[in-house]
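**Q** Just need the structure, nothing else, for what follows:
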Amino acid sequence: MGKGVRSLFCLLGSVGMLAGAVYWQETPRSAEDASQPLPAVQASGPRFWKGNLHTHSFWSDGDDFPEMIADWYKRHGYHFLALTDHNVLAEGERWMDVPGEESPRGKALKKYLVRYGERWVEQRTLEKKAQVRLKPLREFRSLLEEPARFLLIPAEEITHKFAKAPVHMNALNLRDVVRPLNGDGVAETIQVNMRSVAEQRKRTGWPMIAVLNHPNFQWGVRAEDVVLTEEVRYFEVFNGHPGVKNYGDATHVSTERMWDILLALRLGKHRLPIIYGLATDDAHGYHTFGVGKVNPGRGWVMVRAPFLSAEAMVHGLEAGDFYASTGVVLKDIRRVDREVRLSIQPEKGVKYRTQFIATSRGTSLASEPYLDKDGKPLPVTGRFSAEIGKVVAESEDLNPVYKFTGEEWYVRAKVISTRPHPNPFAKGDVEVAWTQPFVP
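**A** Residues are numbered from 1 along each chain as shown. Modelled structure (predicted):
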């Protein structure tokens, strides 16, 4: 470590010690105060925490510094964030070239300096190249994390492919980086990499999960690749990257349609567990905002848990006690006996329509292939019955209720608002929310 860097850390340490001394002088704690629970653990019960689980920085192909990105999410009301750079954890020593002041990196550096100052931002010249040091997570998290307010979760996007099909998975709350493994097909590529995450969890004792990302990205993953892959318990039903084709096209199903196909086949035919649906940003661009840009703030999860910790967020996801959203806020989601009950947080001037979506017992689970112009099967998700993922009830009430008939394999709810998304995935999008599936 150079003399200047050592001096910087000594200065920062002195400032921190001084700030701490001032704090204790101004706010002494009596013995009685010390016996009281800290604010972070005083919650009267579980609550929803807002978080994004798919984000990129200069550690891979994002266009901003991780501190700047985390600061954006914190200032916009998020409680937790996972920085999921490609095949890397934000750790170790890394310096990044800055080609010039007017280059994209140079402009990002100017903003970084304004926000954090020259004492925090480390720069050097090496072989006539201007460089800036990328801070590792363990170093910058103390600047941003606050109990019961904001949390950073170590994560990675395991980025791989089979042949030309991209296969990407987010691994959340990692301790060690996961190196991509090859599989004999898309399904096996998903399987072996998710098993790596499960093995790390067992080895370390850290609660961690893996999420299948954007299956429609370059049409890389079909429902048939996922349905029997038991390791897949979570996937992105919505991803804010404009290139991931959430809505499908004439021969490719939407990711939401794929979710219903997977749920119907798993529960109705193969007796396999539910797959939960997440909404994420997959943000890469933080300087220019608009339709077609890869921006933050498009999709997130709301996880119900008693405390804000990585462990609590993972356990909430594992329990399915969360919903996905692009803007709609739910005050409550609850199953009471044979009913699913929702409570929507209203906004002035906005109307809401809740669709209860189900697949009923007896629905055909057979499929036919889509054919090309020569009559040959296309390598896409097959054509399944329209009865899969059917809207079985609708409500415009702010407290909609669905009563199980006992014939459903599952029921999930989608709340659609009339409020246009302020920075949509696609032109014309409105804000929505998705609950997780309920099984009678």
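
**Q** and the gap between residue 335 and residue 150?
**A** Applying CB to CB, to the nearest Å, the value for residue 335 to residue 150 is 30 Å. (C-beta placed from N, C-alpha, C; glycine too.)

**Q** ok, now residue 94?
**A** Here residue 94 is placed at a distance of 24 Å from residue 150 (CB to CB).

**Q** Neighbour count: the two, which is higher?
**A** When residue 94 and residue 150 are compared for neighbours, residue 150 comes out ahead with 21 against 15, by other CB atoms under 10 Å.

**Q** Local confidence estimate at the more buried one?
**A** Confidence at residue 150, expressed as pLDDT, is 98.

**Q** before we move on, what about residue 45?
**A** 75.

**Q** mind listing what the residue nearest to residue 107 when sequence neighbours are not counted touches?
**A** Once flanking residues are discounted, residue 107 sits nearest to residue 287: 7.1 Å by CB to CB, 6 or more residues apart in numbering. Residues in contact with residue 287 (CB atoms under 8 Å, 6 or more residues apart in numbering) are 63-64, 104, 107-108, 111.

**Q** now residue 332
**A** Residue 332 neighbours (CB under 8 Å, 6+ apart): 341-343.

**Q** so where does the residue nearest to residue 107 fall, helix or strand?
**A** Per DSSP states H and E, residue 287 falls between elements, in no helix or strand.

**Q** do residue 112 as well
**A** helix 104-116.

**Q** CA atoms of that helix as PDB?
**A** Extracted in PDB, the C-alpha atoms of helix 104-116 (Å, rounded to 0.1, in the frame of the first residue of the first chain):
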ATOM      1  CA  PRO A 104     -18.000   8.400 -20.200                       C
ATOM      2  CA  ARG A 105     -15.700   7.200 -17.400                       C
ATOM      3  CA  GLY A 106     -14.200  10.600 -17.000                       C
ATOM      4  CA  LYS A 107     -17.700  12.200 -16.600                       C
ATOM      5  CA  ALA A 108     -18.600   9.500 -14.100                       C
ATOM      6  CA  LEU A 109     -15.400  10.200 -12.200                       C
ATOM      7  CA  LYS A 110     -16.300  13.900 -11.900                       C
ATOM      8  CA  LYS A 111     -19.700  13.000 -10.300                       C
ATOM      9  CA  TYR A 112     -17.900  10.500  -8.000                       C
ATOM     10  CA  LEU A 113     -15.500  13.200  -6.800                       C
ATOM     11  CA  VAL A 114     -18.300  15.700  -6.200                       C
ATOM     12  CA  ARG A 115     -20.300  13.100  -4.100                       C
ATOM     13  CA  TYR A 116     -17.400  11.500  -2.100                       C
END
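
**Q** how about the helices of the stretch 301-440 of the chain, start to end?
**A** Ranges of helices in the stretch 301-440 of the chain, per DSSP state H, counting those that start in this stretch, are 310-318.

**Q** now the strands for it?
**A** 322-325, 330-336, 339-344, 352-360, 367-368, 383-384, 390-395, 401-403, 408-420, 430-434 (DSSP state E, counting those that start in this stretch).

**Q** could you say what helices and strands the first one packs with?
**A** Read it as strand 322-325. Other elements packing on strand 322-325 under the criterion 3 or more CB pairs under 8 Å, 6 or more residues apart in numbering; DSSP states H and E are strand 276-280, strand 300-305, strand 430-434.

**Q** Where in this structure is the helix or strand with the lowest mean pLDDT?
**A** Every helix and strand in the chain was compared by mean pLDDT, DSSP states H and E; the lowest is helix 3-26, with a mean of 38.
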